[in-house]
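> Quick one: sequence plus predicted model below, questions after.
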Amino acid sequence: MKSLKSTTTLHNGVKMPWFGLGVFKVEEGQEVIDSVKTAIEVGYRSIDTAAVYGNEEGVGKAIAEVDVPREELFITSKVWNTNQGYESTLNAFDESMEKLGLDYLDLYLIHWPVPELNKYKETWKALEKLYKEGRIRAIGVSNFKEHHLKDLLADCEIKPMVNQVEYHPRLSQKSLHEFCKQQQIQLEAWSPLMQGQLINDPTLSEIAEKYNKSTAQIILRWDLQNEVVTIPKSIKPHRIKENADIFDFELSAEDMDKINAMNQDKRVGSDPDHMNKY
């Protein structure tokens, strides 16, 4: 993990950047266009959006406007809960692609398992079809707990390549991480900064001072050293740049342990077992 362009290799051989920009709650239009363009100009190569974010069009415009070849970029989107099911997922994918203005997607995820709907296996079949057709380079899930993954793995033809979950020092999901490693599923962090709640944490502040870095940079570096792909969100150019400035130092084993010990199994997002908003 020497630079912003460093990648992890997914179990199907596709290379995915360790670091990217998340655009959750970034407004459609100029705001998202500017954020994505800034990130790409700084050197980011991975952009993570979703149908429900309502900004795929802006992400697509930014990609079209930057002077970076499409094959150098890694673009992720996700199918929303209301579109789960085989046919509706295929239709949702087409809609996302139209908005993004792309010929293929690098990664497509099932956004939530939504146990109450009980459709994620059907949805997965649609992702497998799109993957086999070459329309997506890698497929995965988001917010899946161990038992959701086991259930899916019992019936799937192609194993998920990625599981994107809420992950930060207060929620390190150790057993899920271990399970994903055993299954060669790459863990990816959303809300790595716990929506800003950890910025003034005393333990992190003390470590940040030692390395002459911000607490955000310490957390993001901790993600990478735990072999977790991370996609912090920001709309401020200086913050987009600062978040990525984490490749010139390494946290000691002792400091990694200190941060690992901060876990409280505390979520800021929904619990995947009870996330039934659709």
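Received the coordinates, thanks.
> quick one: Glu146 and Ser3, what's the gap?
As for Glu146, its distance to Ser3 is 33 Å (criterion: CB to CB, to the nearest Å). In short, each C-beta sits where N, CA and C put it, glycine included.
> The two - which one has more neighbours?
When neighbours are counted by other CB atoms under 10 Å, Glu146 and Ser3 differ, and Glu146 comes out ahead with 16 against 12.
> mind exporting stretch 89-108 as PDB, just the C-alpha atoms?
As requested, the backbone C-alpha atoms of stretch 89-108 are provided in PDB (Å, rounded to 0.1, in the frame of the first residue of the first chain):
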ATOM      1  CA  THR A  89     -32.400  -6.100 -10.400                       C
ATOM      2  CA  LEU A  90     -31.600  -6.500 -14.100                       C
ATOM      3  CA  ASN A  91     -33.700  -3.400 -14.800                       C
ATOM      4  CA  ALA A  92     -32.200  -1.400 -12.000                       C
ATOM      5  CA  PHE A  93     -28.700  -2.200 -13.300                       C
ATOM      6  CA  ASP A  94     -29.700  -0.900 -16.800                       C
ATOM      7  CA  GLU A  95     -31.000   2.300 -15.200                       C
ATOM      8  CA  SER A  96     -27.800   2.800 -13.200                       C
ATOM      9  CA  MET A  97     -25.700   2.300 -16.300                       C
ATOM     10  CA  GLU A  98     -27.800   4.700 -18.300                       C
ATOM     11  CA  LYS A  99     -27.400   7.400 -15.600                       C
ATOM     12  CA  LEU A 100     -23.700   6.700 -15.200                       C
ATOM     13  CA  GLY A 101     -23.200   6.700 -19.000                       C
ATOM     14  CA  LEU A 102     -20.900   3.700 -18.800                       C
ATOM     15  CA  ASP A 103     -20.500   0.500 -20.800                       C
ATOM     16  CA  TYR A 104     -19.500  -1.600 -17.900                       C
ATOM     17  CA  LEU A 105     -19.300  -1.400 -14.100                       C
ATOM     18  CA  ASP A 106     -16.300  -2.400 -12.000                       C
ATOM     19  CA  LEU A 107     -18.300  -3.500  -9.000                       C
ATOM     20  CA  TYR A 108     -22.000  -4.000  -8.300                       C
END
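> Just the buried residues of it, please?
Of the residues in stretch 89-108, 89-90, 92-93, 96-97, 99-100, 102, 105-108 count as buried by neighbour count, 16 or more other CB atoms under 10 Å.
> Need the nearest residue in space to Glu242, chain neighbours excluded.
In space, and not counting its chain neighbours, Glu242 is closest to Ser214: 6.4 Å by CB to CB, 6 or more residues apart in numbering.
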